[in-house]
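Colleague: sharing a sequence plus its predicted fold:
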Amino acid sequence: MSNRYAYLGPEGTFTEAALRALMPTASTGDLVPCAGVDMVFAAVRRGEVDGGVVPLENSVEGGVPATTAELVGGDPLLIAAEVAVPVEFTLFAREGTTLADVKRVASHSHALAQCRGWLAANLPDAETFTVSSTAAAAQAVAEPGAPYDAAVSARIAGARYGLAPLVEGVGDRTEAATRFVYLRRPGALPEPTGADRTSLVAFLPEDHPGALVELLNQFAVRDVNLTRLESRPTGDGLGTYCFFMDADGHVAEARVGEALMGLRRVCEDVRFLGSYPRADADSDPTPFVPRAGTTNADFHEAEQWLTRIRSGIVD
Ligand SMILES: O=C(O)C(=O)C[C@]1(C(=O)O)C=C[C@@H](O)C=C1
């Protein structure tokens, strides 16, 4: 039986494009569209699918709140892969609609935010409506008696729902990209590839001066590069935050493992979200070389030395 994968649907989302990039051999019948990010998580947790793909962060609008909330607070799942997809937005409408006819525009909140400037300049009087995804907007516009005149969607969504492109390239930033992650139930981690990323959530102990520095130092002293740090309220009251962190490297590497042990000591809690191959590994012009004293070999040598002196061997 082939594997089944859930994703933020309906058909024609950027998330579907991400899933197809991650699982190029999966056929359409293996892909399970879900109406929300939370439903993708639920389908994976319940074992209805082998894994699922959700948007994690966008280069213009930042973290996707629904994904971060599930990763931080929901029943644990592991990130097993990632992919970055360029996001180019098109304004779609039913055949015969002109720009002057457009009074109501629907899309995903992250998509509307990325087209804010264009919409203000070109459709200043149009109202915007947030729906569950860019493809859900296109699907709604295509329905008879549609509540919206136009949708901001991916090119594939327009074709999928039989809409006409009114204007292409309505995004404010031409280089916009979204990072998507592939989630699965806890189990064996992907093997280290030499160009990996580790994601986790750190919960600080009681608030005190330098608490965040202590946390960051665990990575700094082991020369582990952080690629993302996002604070998020825990929900336990104003001023109480946890930190969503991405670091270069795989937890199987001594230097990353030691940094995580250090974090575990200084934090109230640490939620490990996975170690998986970096999507940008091929495009990295200057591969990271840890400084002397922080290579995996240095950590192993120091560990062996400790074992020897603990048993009284002094060389
Ligand atoms: O609605 C979609 O098409 C999605 O895949 C979701 C999503 C997002 O959550 O950011 C993905 C990329 C774009 O930035 C806009 C929307």
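Modeller: Arrived safely, thanks for sending.

Colleague: the ligand contacts on the stretch 51-200 of the chain?
Modeller: Pro55, Asn58, Val64, Val87, His108, His110, Ala111, Ser133, Thr134, Ala135, Ala154, Thr178 (Cβ under 6 Å from any ligand atom). The C-beta positions use only the backbone N, C-alpha and C, and glycine is treated the same way.

Colleague: filter these down to the ones in helices?
Modeller: Of those, the ones assigned to helices by DSSP state H are His110, Ala111, Thr134, Ala135.

Colleague: output the longest helix belonging to the chain.
Modeller: Longest helix in the chain, counting by DSSP H: helix 296-310.

Colleague: just list whatever residues bridge to Ala151.
Modeller: Judged by DSSP bridges, the bridge partners of Ala151 are Phe92, Ala106.

Colleague: name all residues that make contact with the nearest residue to Asn225 once chain neighbours are set aside.
Modeller: Leaving out its chain neighbours, the residue that sits closest to Asn225 by Cβ to Cβ, 6 or more residues apart in numbering is Asp248, at 4.3 Å. With contacts defined as Cβ atoms under 8 Å, 6 or more residues apart in numbering, Asp248 is in contact with Asp196, Arg197, Thr198, Val224, Asn225, Leu226, Thr227, Arg278, Phe288.

Colleague: can you select the buried ones among those for me in PyMOL?
Modeller: Restricted to buried positions by 16 or more other Cβ atoms under 10 Å, the PyMOL selection for the contacts of Asp248 reads:
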select buried, resi 196+197+198+224+278
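
Colleague: per-residue confidence for the residue nearest to Cys115 when sequence neighbours are not counted?
Modeller: Nearest in space to Cys115, with sequence neighbours left out and distances taken as Cβ to Cβ, 6+ apart, is Val170 at 4.9 Å. pLDDT, Val170: 98.

Colleague: likewise for Arg255?
Modeller: At Arg255, pLDDT is 93.

Colleague: give the helix, strand or coil label for it.
Modeller: Of the three states, Arg255 takes helix under DSSP: H, G, I helix; E, B strand; the rest coil.

Colleague: grab the nearest non-local neighbour of it.
Modeller: Arg222 (4.8 Å).

Colleague: buried stuff in stretch 274-283?
Modeller: Those would be Gly274, Ser275, Tyr276, Pro277, Arg278, Ala279, for stretch 274-283 by 16+ other Cβ under 10 Å.

Colleague: you'd agree the fourth one is up against Ala80?
Modeller: Think Pro277. No: the criterion here is Cβ atoms under 8 Å, and Pro277 misses it with Ala80 at 9.2 Å.

Colleague: can you give me the helices in this structure?
Modeller: Using DSSP H, helices in the chain cover 14-22, 37-45, 65-73, 109-114, 116-122, 134-142, 155-160, 211-220, 254-266, 296-310.

Colleague: ramachandran angles for Glu253?
Modeller: Main-chain torsions, Glu253, degrees, to the nearest 10: phi -80, psi 140.

Colleague: begin at 733 from here
Modeller: In the new count, where the first residue is 733, that last one comes out as Glu985.

Colleague: any idea how far it is from Ala1029?
Modeller: 11 Å (Cβ to Cβ, to the nearest Å).

Colleague: also Ala832?
Modeller: 67 Å.

Colleague: which ones are touching the residue nearest to Arg987?
Modeller: Arg987, Val988, Glu990, Ala991, Gly994, Thr1026.

Colleague: what's the answer for Ala869, then?
Modeller: Ala869 neighbours (Cβ under 8 Å, 6+ apart): Ala838, Ser839, His840, Ala843, Phe861, Val863, Tyr880, Ala883, Val884, Ser885, Ala889.

Colleague: please identify the buried residues of stretch 856-867?
Modeller: For stretch 856-867, a neighbour-count test (16+ other Cβ under 10 Å) marks Ala858, Thr860, Val863, Ser864, Ser865, Thr866, Ala867 as buried.

Colleague: ditto for stretch 997-1004
Modeller: Cys999, Val1002, Arg1003, Phe1004.

Colleague: turn those residues into JSON lines, including pLDDT and distance to the ligand.
Modeller: As requested, those are exported to JSON lines (pLDDT from 0 to 100; distance: Cβ to the nearest ligand atom, whole Å):
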{"residue": "Cys999", "pLDDT": "95", "distance to the ligand": "29"}
{"residue": "Val1002", "pLDDT": "97", "distance to the ligand": "26"}
{"residue": "Arg1003", "pLDDT": "98", "distance to the ligand": "22"}
{"residue": "Phe1004", "pLDDT": "98", "distance to the ligand": "24"}
